[in-house]
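Trainee: here is the input, now give the coordinates:
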Amino acid sequence: MSSWFESVDNLQEGAETLRRRRYGVIEAESQEFRQIRLRPFPKLVLLPEITWLGERHHHRRPGDRCLVYYNQPWRYPNYLAVTYILSSRDTTLATVYRALEALDEVARIKCADALLCDVANWRISTAILERLGWTPHCPSRWHRHFVKRFYGSYPPRPGWLVAAGV
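Mentor: Predicted structure coming up:
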């Protein structure tokens, strides 16, 4: 029997665990992938967490660290939902890229058809999301929905994954 809280620091060795578990947090620090902490329950995002706690965390916590929370919904097992991204004050773009590359690899391992997200932060531009492979989806007045489609055609593995033998 597996524990409720597990960690995967090698994506190749932990592939079976990642396929089996639906909820996780990808952690990247100092421009490197660190681990994926698997959770027993999905990450639920509340408005006060976004507007007050997230911003406080970002401004007060030093360091180059990025956390990407993802869920695999029971109703739509072929998709992964990016529910929350949390960064510290000194987070570099390279660290964010590393976390997103790990997210793409999780999608590859789980054979996900697409990644979905609702971008609440207006400082994240549509242009940068499009450069990363995300396209606007389901236009709405109050939400900015984006999708990154795979349907079996995943982006090439980044060098750090190839060097690790994944």
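Trainee: distance of the residue positioned nearest the centre of the chain from P158?
Mentor: Nearest to the mean C-alpha position of the chain, counting by C-alpha atoms, centre = their mean, stands V68 at 3.8 Å. According to C-beta to C-beta, to the nearest Å, V68 stands 15 Å off from P158. Quick note: C-beta positions are derived from backbone N, CA and C, even for glycine.
Trainee: looking at it, L161 is touching E105, isn't it?
Mentor: Yes. Look at L161 against E105 with C-beta atoms under 8 Å: they come within range, at 6.1 Å.
Trainee: ok, the two, which is more surrounded?
Mentor: Between L161 and E105, counted using other C-beta atoms under 10 Å, the more crowded position is E105 (23 against 18).
Trainee: how far off centre is the helix or strand harbouring L129?
Mentor: Per DSSP states H and E, L129 falls inside helix 126-131. Here the centre of helix 126-131 is set off from its chain's centre by 16 Å, with C-alpha atoms, centre = their mean, to the nearest Å.
Trainee: could you point out the helix or strand that follows it?
Mentor: strand 135-136.
Trainee: what helices and strands are in contact with the following helix or strand past that following strand?
Mentor: Once strand 135-136 ends, the next helix or strand along the chain (criterion: DSSP H and E) is strand 145-149. Applying 3 or more C-beta pairs under 8 Å, 6 or more residues apart in numbering; DSSP states H and E, one finds that strand 145-149 makes contact with strand 114-118, strand 135-136.
Trainee: could you name every residue contacting both of L161 and E105?
Mentor: L11 (C-beta atoms under 8 Å, 6 or more residues apart in numbering).
Trainee: can you count the residues close to Y154?
Mentor: Y154 has 14 nearby residues by other C-beta under 10 Å.
Trainee: that one: what secondary structure?
Mentor: The local conformation at Y154, judged by DSSP: H, G, I helix; E, B strand; the rest coil, is coil.
Trainee: with adjacent residues omitted, what lies nearest to it?
Mentor: Closest residue in space to Y154, ignoring its immediate chain neighbours: R108 at 4.6 Å, by C-beta to C-beta, 6 or more residues apart in numbering.
Trainee: am I right that the one you found is in contact with P156?
Mentor: No. Counting by C-beta under 8 Å, P156 is not a contact partner of R108; they are 10.5 Å apart.
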